[in-house]
Each structure stands twice: as C-alpha cells, then as structure tokens.
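Novice: I would like to see how this sequence folds:
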Amino acid sequence: MNGGPSGFNNAPVTRTFVIACALFTIIFGIRGRSKNLGLSYLNIFKKLNIWKLIVSVFAFSSTPELIFGLYLLYYFRVFERQIGSNKYSVFILLSVIMSLLFEFLALSFLKDPTSSVITSGPYGLIFSLFVPFYLDIPVSTRFRVFVLRFSDKSFIYLAGLQLLLSSWKRSILPGICGILAGSLYRLNVFHIRRMKFPEFITSYFSRLSWPSTGSTSPAAQSRNVLRNVPSYPGRQVEGNYPAPISSTTEPPEDSVSTLVSMGFDRNSARQALMQARNDINTATNILLEQQSH
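Specialist: Purely as a prediction, here's the structure:
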C-alpha cells in the first residue's frame, strides 16, 4: 500500500499544511521556544494566550515528532485525493477545532497548572485521520516476521504509535482527542460532512506553495480527483457508464496508482479505467459499485 502518486499532486491543502508545520517548527525551534508551546490549564483558562493556541496547532516540539508527524501527514494526503481539497479543508478545520475542545475539557477537568501540559503540533488532525485510515483503507498485503504478523498498514500504525508516545502523557492526550474528533466527523454529527468552503478558498492553497513534482499530467492537476466520492467504500452508485475503450490503450499509470492507493486491486482499477475511458471519477464509481454487490 502506498499513498498514491509521489509528491503532492492533487493535494494542495496537504502540501500547504505540511509546509506550515515545518516552517513553524523550524522557526520556533531556532528561537528555542518549541518546548514552551504546549498548552496548559494556565495558558487557556488564566492567561488566554491566543497566539500560543494558534502556533501550537502547527509547531511540533521536537525533531522526532516533526519527522513522524510530517510523514503521516504526507501519507494521509490520499484522503484529500479521495474527497477533494474542499471537503478535506473542512475536515482539517473541524478536526482541529473539535480536538482542541476535547483538550480544553480535559485540562479543565485536571485543573493542574503544573502538570497538565499538552504537547504542541497537529496531533488532533493526524490522529483524527487514523479513523478513516482504519475503517476505509483495506489491507492489500500481509507478511510475517518470525511469529508476528504484519500488514502493509502496520508501518503507518507504528509511526502513529511512535508519535503518540513521543512525549508520553503530553502527547497521549491530544492523540486521544484527535481520535474522538475523527470519530465524530465519521458519525456525521450535525451533518458536518456536508459542509464545504467557497471554492476560491481551497483554490488559493494551490498558489500558496511551490509546484509539486510527480508524474501527474497538467490536466489532472487542474482538478481534484474523486472530489465527489465519499470517504467510505461500499456505496451504491447509479448511472450508465461509457463503453470501454480499446483494450490496446493502457490507462495512465498515475491514475492506476491513485486507485490502488485507495485499496482497489490493481487489475480491477486498470479495467475500470479502461471502461471509464480513463476518467478516474467514473472508474472509482464503477469500483465502488462492484464492491457493493
């Protein structure tokens, strides 16, 4: 299993968020303030440091946390490709807000200004993404190391576990809050999964950061693939699909890789693309419909 085509093709929001996290961590790390960015009961309920609240969403407190955090954010770009940049932006905003609210509740319950400190970094977003990762991304390969069984998803879980335990109590709490936030989004509480931003907001992300590298064609970069596809498998999709193109015409490798990154079989993805005349949205609908039968 992989995250799809290399680079940030069709993932401008992820690219911007990753760059922001790296810059905030480096800037505050150079100034020697990264260790002081964690939220505490005193910061929130006594001094109300708004700047610290904002910075703590982006800046990691150590280099190992930065490495594992950016690796997971980069891998999870597959979800932006699935649901589109617009809905993924909403997911980021709601995950961050809900996880922060859970953290505030936890801090207010502990009420200990000396020990109730939460490490900084986008823990809420990262661990909320583990919810659709666990539920929606199927295992494609399994292997054994001595007596232990692993799958291709195990490496992502191990990276998440390393990040979760990186600062012990300071990192476990925001991780749990992130999982709760992701679960609420998954349950579609108050129909939050229907929310969308105006298109000019998400299109702005593509102009904020440098162009990404990869094999995706300019035509594919100009649109968000799978923007109308839900982030869960098995949905019945109705509609008439175009007749398959000639079997001698092979679909683009980046389109096949994108479908494979969603958990579809490579041969099935190739056949669906041929039937859909290389339209990746239609091919995904075909594959989802096949799964529902």
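Novice: how about the helices in the stretch 101-250 of the chain?
Specialist: Listed in chain order, the helices found in the stretch 101-250 of the chain under DSSP state H, counting those that start in this stretch are 123-128, 130-136, 154-164, 169-186, 199-208, 218-221.
Novice: highest average neighbour count across those?
Specialist: By mean neighbour count, with neighbours taken as mean count of other Cβ atoms under 10 Å, helix 123-128 ranks first of the helices of the stretch 101-250 of the chain at a mean of 28. Every C-beta, even on glycine, is put in place using the N, C-alpha and C of the backbone.
Novice: who's in contact with that one?
Specialist: Where contact means Cβ atoms under 8 Å, 6 or more residues apart in numbering, the residues beyond helix 123-128 that reach it are 17, 57, 69, 72-73, 76, 91-92, 95-96, 98-100, 103, 160, 163-164, 171, 174-179, 181-182, 185.
Novice: at 6 Å instead, please
Specialist: Contact with helix 123-128 is made by Leu72, Ile92, Ser95, Val96, Ser99, Pro174, Gly175, Cys177, Gly178, Ile179, Ala181, Gly182, as judged by Cβ atoms under 6 Å, 6 or more residues apart in numbering.
Novice: how close does Tyr71 get to Leu53?
Specialist: Using Cβ to Cβ, to the nearest Å, one gets 25 Å for the distance from Tyr71 to Leu53.
Novice: returning to what we had before: worst average pLDDT in the helices of the stretch 101-250 of the chain?
Specialist: The stretch with the lowest mean pLDDT among those is helix 218-221, at a mean of 40.
Novice: same for the helix or strand following that one, what does it pack against?
Specialist: From helix 218-221 onward toward the C-terminus, using DSSP states H and E, the following helix or strand is helix 253-261. Of the remaining helices and strands, those touching helix 253-261 by 3 or more Cβ pairs under 6 Å, 6 or more residues apart in numbering; DSSP states H and E are helix 266-275.
Novice: the next helix or strand after the helix it packs on vs helix 253-261, what angle?
Specialist: Tracing the chain C-terminally past helix 266-275 and defining elements by DSSP H and E, one meets helix 280-292 next. Helix 280-292 and helix 253-261 are oriented at 30 degrees to each other (axes from the mean of the first three to the mean of the last three Cα atoms, to 10 degrees).
Novice: same question for helix 280-292: list its buried residues.
Specialist: Taking 16 or more other Cβ atoms under 10 Å as the neighbour-count basis, helix 280-292 is seen to contain the buried residues Ile280, Thr282, Ala283, Thr284, Asn285, Ile286, Leu287, Leu288, Glu289.
Novice: before we move on, back to that, any chance of the contacts of helix 123-128 in a markdown table, with distance to Arg142 too?
Specialist: Shown next, in a markdown table, are these (distance: Cβ to Cβ, whole Å):
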| residue | distance to Arg142 |
| --- | --- |
| Leu72 | 22 |
| Ile92 | 32 |
| Ser95 | 30 |
| Val96 | 34 |
| Ser99 | 32 |
| Pro174 | 31 |
| Gly175 | 26 |
| Cys177 | 31 |
| Gly178 | 27 |
| Ile179 | 24 |
| Ala181 | 30 |
| Gly182 | 25 |
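Novice: so which of the residues you listed is the closest to Phe197?
Specialist: For these, the minimum distance to Phe197 (Cβ to Cβ) is 10.5 Å, reached by Ile92.
Novice: how about that closest one, nearest residue that isn't a chain neighbour?
Specialist: With Cβ to Cβ, 6 or more residues apart in numbering as the measure, Leu125 is the residue that lies nearest to Ile92, at 5.8 Å, once sequence neighbours are left out.
Novice: what do you get for Ser128?
Specialist: Nearest in space to Ser128, with sequence neighbours left out and distances taken as Cβ to Cβ, 6+ apart, is Gly182 at 3.1 Å.
Novice: so which residue is dead centre in the protein?
Specialist: Phe76 (3.6 Å; Cα atoms, centre = their mean).
Novice: surely it meets Phe130?
Specialist: No. Counting by Cβ atoms under 6 Å, Phe76 stays clear of Phe130, with 8.6 Å between them.
Novice: neighbours of Leu105, how many?
Specialist: The tally of other residues near Leu105 (other Cβ atoms under 10 Å) stands at 11.
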